[in-house]
Every structure is written in structure tokens, then in C-alpha cells.
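J.: here is a sequence with its predicted model. Questions after.
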Amino acid sequence: MTQHCRNLILILGDQLDAQHPALAAADPALDQVLMVECAEESTHVWTHKHRITVFLSAMRHYAETLREAGWTLTYRDLDEGLSHIVEGLGGAIAALQPEAVWVVRPGEWRLLDAIEQHCAGAGIAFRLFEDSHFYDGPESFAAWARGRKSLTMEYFYREQRKRFDVLMDGKAPAGGSWNYDADNRQSFGKTGPGDLPDIPRFEPDAITQAVIEAVNARFPEHPGQLERFAWAVTREDAVAALRTFIETRLPLYGRYQDAMWQGEPFLYHALIGATLNLKLINPREAVQAAEQAWHADPEHYPLAAVEGFIRQILGWREFIRGVYWHEMPDYKSRNHFGHERPLPAWFWTADTRMNCLKQCIGDTIENGYAHHIQRLMVIGNYATLAGLLPADVCDWFLAVYVDAVEWVELPNVLGMALHGDGGVVGSKPYVASGAYINRMSNYCKGCSYSVTQRTGDKACPFNALYWDFLARHRKALSTTPRMRMVLKNLDRWSEEEVAAIEATAQTHRDALDVAVG
Ligand code: SF4
């Protein structure tokens, strides 16, 4: 370790930005970089092996690019047994005696807090850089949110389109509409998706192989297997993955973005969440690539598909990050419905008779990935209906997906999927009976439950749980205009039918209490 440096730049595992703002302000002759691997990042939630490997391999590849660019780098790897990133920071401060520590805003509130506290305790200056990877930062979001009764993504998104001049025709949205969601909800029908485009695979190089060996040795009991690991871990991989998506899957991405099919976990999805969230590619690159494709060939790239993709990045992703920093730290402990049931053990094994959950959790364990409707309308929907403890569910989502970082996972799961924030992210709970899953997938065909039955041993658990959930929360939900119509259905049923629904739901919940992990 070289003695003494001016500024010590701590780069975290999800900050692998080629345009890193602290590096852009630093001088390689005077300032040094610190990167830290530690087991705690993989064990504070029971992290999937693919997620651990993506982060560590991408960090090690990024470290190589820094060395090649002439930076003096202290890299503390897993073998050094550090328990926490702050332990690595403390060691580097003691060795290098920097005048200041520089950090880009981390993706987790707890990490920012721990780093700030450590620097304050050590009496060392601390400089926080905003993350230029995003279109905008927490201050700007707070200004937008100020004085609003509710935070509605659609209004935020429209302003983003105007501010950054994306898919605009002068002052109007391209094509005359801000949103083409109605065109983007098709299922595959009885025949299924047919031939799907190949998904790019990035075979492990020597660096990734070494990470795979380390992960298998240190985290053997964690979920997932690494034999077929092929996620993008470098900027070159990330750019290639984006290009392949634009060329081969974007045209049908919109139409089938909500569809599911057994044995087809990837379909037309972009699969760039991890590379975006590790900052290997910039969201502007993804948005521009999609918009340019539409301009170049609007016949081949329907506006509904392009707009749907851009909304996820320019709208939803930025909105969700804004909510995270606006609402933390107490956001994490919210539990609007007071749900307390622990996570069933089969969330880690997919060993359940409910075929939709078996497939969606099975895909997750196999690949460290499931697409957004599998996450939201199968797994999240079930967690809400079954009354699972939001903190357990959030920890699970953070642990198992290769793209999961807390700023994006928490509002998506606690807010959107579980409605645990009471309506900050979504104006109503995203809950549905088995009929929705049956319409959007072929899962029900291979299920031992009957999706058309509401009560009894054979009844699809989603049905009884759904109506029981609505009945239990009727009073609170009736204040939401979008729920009133569906709540009226409860009045159609006799007392006996309502009692049978309650009994079926309770039988399912009782069985869950035996299956806690
Ligand atoms: Fe899922 Fe119900 Fe369909 Fe079975 S019948 S796959 S539990 S929705």
C-alpha cells in the first residue's frame, strides 16, 4: 500500500461507472482508489450465488480497467476476511492517511450512514458525490414531490420526457399519447411464444472462473448453481447485451411484456437490469438506443414497445430511486396491512404445489432472474394475499435477483408489490386472483389446483386468498376509487359463500404456518 494520498475514493460494487464522477474530479497522481469485497454483503441477506458472482466479477474486471488507466488502487478481496466495507475503509484510512474520503451516493441508506459515521468518528473530511449515472438526483425529486398530495409516476414520467426531450414531437408526446400500455398486455394464447430469439451468454473468463471458485467455496449453501453462469460482467458485455436486445427482442418486448410461459424465463425481456444497476451501462445509452431504433425503422419497432421500454428506465427507475431517498430510512420498516406471517421455507426451494409459484421461484433459483410480472403478479401478489411479513419478503427479493440493489428493490417490493407503504408508490395494491395468472400464462394447465374454483381442497389458493384479502381490508380499500368496482363483487355472494372463502383461505394459511423457513 502506497503511503499517504490526498483523497481516498471508495468505489462500491454497484458503482462501476466508466464515467465515475469522483474519478472525473480526481487526480491519479495525488488520489487513490479503494474497493472492498466482504462476505457480509452476501450474507446479511441469504444471497443467490449468481448475484454474488455478478457483483464480485464485475468489481474485479472494473478494478483491472482502473489499474490500466493508471490509478493506484487498494483492492481488498474476500480472502482477507473483512466483515464490513467500513472495516476496509478504516484500514485504508489508517494506512494512507488521506485528507478526505470521497464516495458517490451508495445504493443503500445504511451504507451511506455507516461511511459518514465512520469518517466523522475518524475526524476525516467526507465528500459525497451525486451519482451522475441517473438522469436526476434526490434533491430534484424532493423538489418535484414538494406540496403534492400523492407521488404519481405517470406525472413524473411526463415531466422527464419533456425535460430530457425523449420521444417528443415538439411539446407533444411522439404519436400523440404519453402511454401505450393498453397495447402492451397481450398473452401468448394457446400456441405459446413459438421460436424465441437467443439470449446472449457471456462465458466466464479467468477472472469470473476465479470468482465462481471462491463463491462455491465460501457460500456453498446459498441458493443457485454456477455451472451455467453467463451474465454480463464487463462494460463490453453490457454494451453487447443491450445491442442484442435492441436488435432482436425490443420489437416484441412491449406486446408480451406482461406474458409468462412455463420453461421460458426470459422471453422478450431486456435482461439489462443488473448491468444498469452496477453502472456498466448508462440509462441514457439504453434510452437513446431504443429511440434511435424507432426513428430509423418505425415499422419494425412499434412505438408502443419503444415507449414501454423507455418508460421503465426514464420513468419508473428514476421515480423509484426518488421515492427511496425521499422516504428512507423509516420506509424500510413500514407494514401498512400489519402482515406478520414469516416467509415459507419453499421460497428457497420452489417446492410447492402451486405451479405458478413453483415455476417463478424455480426460474429465480435457476437463473437469479425472473421477469417483472413473475415478480409482481405471481410472487409479490401471493406474498400480499397470504399476509407475509414485508421485511422477510423484501430480504428475499434483495437476496435472489442479480439486479437487486436496495434503492430499486425496496420501493418496488415494499411499495409496488406489497403495498406495504400504504400507497406511496402505487395508488392501490397489485393483487389478483388466479384468473389473471391463467390469462397471462400457461401455468394453471400444469397445476394440481383448479383455477376456476374458489373454495374447497382443489381450489386455487390465489382465489380464496384474494377475496378473503378484499373482505378483510374492505373498509380501508374502499377509499381507493380504483378498488370500489371490484369490492362490489363481494356483495354478490351469500354469507355461506363468504364463510367458505374464509375457511379455504384460513386452511391455506394454516398450512403455511407449518412451512415457515
Ligand atoms: Fe397458480 Fe392457481 Fe393457476 Fe395453480 S391454479 S398455477 S395456484 S393461479
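T.: In hand now; what should we look at? Please read these numbers as outputs of a predicted model, since none were measured by experiment. Residues are numbered from 1 along each chain as shown.

J.: is residue 438 within a helix or a strand, and which one?
T.: Per DSSP states H and E, residue 438 falls inside helix 434-440.

J.: what's in contact with that helix?
T.: The set of residues external to helix 434-440 that reach it, using CB atoms under 8 Å, 6 or more residues apart in numbering, is 187, 258-260, 356, 373, 377-378, 443-444, 449, 451, 460, 462-463, 466. The C-beta positions use only the backbone N, C-alpha and C, and glycine is treated the same way.

J.: from those, which two are the most distant?
T.: By the measure CB to CB, 258 and 449 form the most distant pair in those, at 21.9 Å.

J.: re the thing from before, from the contacts of helix 434-440, which ones fall inside helices?
T.: Judged by DSSP state H, the contacts of helix 434-440 include 356, 373, 462, 463, 466 as members of helices.

J.: pull the contacting residues for the residue lying closest to residue 302 once chain neighbours are set aside.
T.: What sits nearest to residue 302 in space, not counting adjacent residues and going by CB to CB, 6 or more residues apart in numbering, is residue 254, at 6.4 Å. With contacts defined as CB under 8 Å, 6+ apart, residue 254 is in contact with 180, 183, 184, 302, 304, 305, 306, 307, 308, 309.

J.: pLDDT value on residue 254, please?
T.: As predicted, residue 254 sits at a pLDDT of 92.

J.: quick one: secondary structure of residue 346?
T.: At residue 346 the chain is in helix, as set by DSSP: H, G, I helix; E, B strand; the rest coil.

J.: count the neighbours of residue 442 for me.
T.: 24 (other CB atoms under 10 Å).

J.: show me which residues of the stretch 301-450 of the chain sit near the ligand.
T.: Contact residues (CB under 6 Å from any ligand atom) of the stretch 301-450 of the chain with the ligand: 354, 355, 356, 434, 437, 438, 443, 444, 447, 449.

J.: residues in contact with residue 273?
T.: With contact set as CB under 8 Å, 6+ apart, residue 273 has these partners: 401, 402, 403.

J.: can you tell me how far it is from residue 4?
T.: Here residue 273 is placed at a distance of 40 Å from residue 4 (CB to CB, to the nearest Å).

J.: over to residue 115?
T.: Remark: distance between residue 115 and residue 4 (CB to CB) = 21 Å.

J.: of the two, which one has the most company?
T.: Neighbours were counted for residue 115 and for residue 4 using other CB under 10 Å; residue 115 has more, 20 against 11.

J.: any idea which element the closest residue to the more buried one other than its chain neighbours lies in?
T.: Nearest residue to residue 115 in three dimensions, chain neighbours excluded: residue 103, at 5.8 Å (CB to CB, 6+ apart). Assigned by DSSP H and E, residue 103 belongs to strand 100-104.

J.: do residue 320 as well
T.: Assessed by DSSP H and E, residue 320 sits inside helix 318-327.

J.: run the chain-centre distance for that helix.
T.: Distance of helix 318-327 from the chain centroid (CA atoms, centre = their mean, to the nearest Å) equals 13 Å.

J.: neighbouring contacts of that helix?
T.: Residues from elsewhere that reach helix 318-327 (CB under 8 Å, 6+ apart): 109, 134-136, 138, 141-142, 144-145, 151, 153, 156-157, 160, 283, 331, 406-408, 410-412, 415, 421, 424-425.

J.: go on, stretch 384-391?
T.: Identification of contacts with stretch 384-391 by CB under 8 Å, 6+ apart yields 332-335, 337, 339-344, 413-414, 417-420, 429-431, 461-462, 465-466, 468-469, 508-509, 512.

J.: how about a cut-off of 7 Å?
T.: Residues outside stretch 384-391 that contact it (CB atoms under 7 Å, 6 or more residues apart in numbering) are 335, 339-343, 414, 418-420, 429, 431, 462, 465-466, 469, 509, 512.

J.: can you count the residues close to residue 130?
T.: There are 14 residues near residue 130, going by other CB under 10 Å.

J.: what's near enough to touch it?
T.: Residues counted as contacts of residue 130 (CB under 7 Å, 6+ apart) are 105, 137.
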